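In: I need the structure of the sequence given here:
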Amino acid sequence: MASDGSNEFRVVSPHIDHEGRLPRQYMGDGQGAKKNISPPLEWYNLPEGTKSLALIVQDIDAPDPSGPIVPWTIWVVINIPPTVKGLPEGFSLKGEEMGGDYAAIKEGQNDMKKHGWDAPKLPSGGHRIEFKLFALDDHLHLGNKVTKDKVLEAVDGHILGESVLLAKF
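Out: Numbering: from 1, shown residues only. Now for the predicted structure:
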């Protein structure tokens, strides 16, 4: 897919349009019966020595009820094997049933205190959704309660590469 000859580590989603918009079906209020589905992601050019990948997805324009903008965690995914080249649409909470290398992937808690993808219902558009993918030199051993804060602490000193995809909603 890299026609520009770039060998930069990057994450992309084939469903984000040319204006960088994430379709409604991936958000909490959705599009008819289709809503809150984890979007498909693909990544390219993993750094040499990558043993696992970790993904944190946040709404980086979420207002806190008390005023300031505070990133809202939508999805936390760890221990993605480097043999996996992406996550298919609707992957969230289906890793074990998909089997193979997908079975090793662990999803953590989002800011709704739920496992898996859980996008907010947004009162308006104009929010940016950040997909941050970390290539790591190790696997993460975080026990049962995997959160964004635990992941960010655990990846410190183990990051071989980092790629960010921004989408608008």
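In: the lengthiest helix in the chain packs against which elements?
Out: Longest helix in the chain, counting residues (DSSP state H): helix 148-155. Contact here means 3 or more C-beta pairs under 8 Å, 6 or more residues apart in numbering; DSSP states H and E; on that basis helix 148-155 packs against strand 52-59, strand 72-80. C-betas here are computed from N, CA, C, even on glycine.
In: now the helix or strand just after the last one: average pLDDT?
Out: Beyond strand 72-80 in the direction of the C-terminus, DSSP states H and E gives the next helix or strand as strand 86-87. Confidence for strand 86-87, expressed as mean pLDDT, is 97.
In: check which residues of the longest helix of the chain are buried.
Out: Residues of helix 148-155 classed as buried: 148, 150-151, 154-155 (neighbour count, 16 or more other C-beta atoms under 10 Å).
In: which pLDDT value belongs to the residue lying farthest from the centre of the chain?
Out: Relative to the centre of the chain, and counting by C-alpha atoms, centre = their mean, the farthest-placed residue is S66 at 26.5 Å. Per-residue pLDDT puts S66 at 72.
In: residue contacts, Q25?
Out: 31, 34-35, 37 (C-beta atoms under 8 Å, 6 or more residues apart in numbering).
In: backbone dihedrals for it, please?
Out: phi -60, psi -20 (degrees, to the nearest 10).
In: what's in contact with the helix or strand bottoming out on mean pLDDT in the chain?
Out: Scoring the helices and strands of the chain by mean pLDDT, DSSP states H and E places helix 95-98 at the bottom, with a mean of 91. Contacts with helix 95-98, where a contact means C-beta under 8 Å, 6+ apart, come from 91, 102-107.
In: and what of stretch 47-54?
Out: By C-beta under 8 Å, 6+ apart, stretch 47-54 touches 9, 43, 46, 76-82, 84, 133-140, 151, 155, 160-161.
In: from these, list the buried ones, please.
Out: Buried among the contacts of stretch 47-54 (16+ other C-beta under 10 Å): 9, 43, 46, 76-82, 84, 133-136, 139-140, 151, 155, 160-161.
In: residues in contact with D118?
Out: Counted by C-beta under 8 Å, 6+ apart, D118 has contacts 28, 36, 74-75, 110, 112.
In: closest to L55 out of the residues you listed?
Out: W75 (6.9 Å; C-beta to C-beta).
In: okay, that closest one and P81: tell me how far apart.
Out: W75 is 18 Å from P81, where distance means C-beta to C-beta, to the nearest Å.
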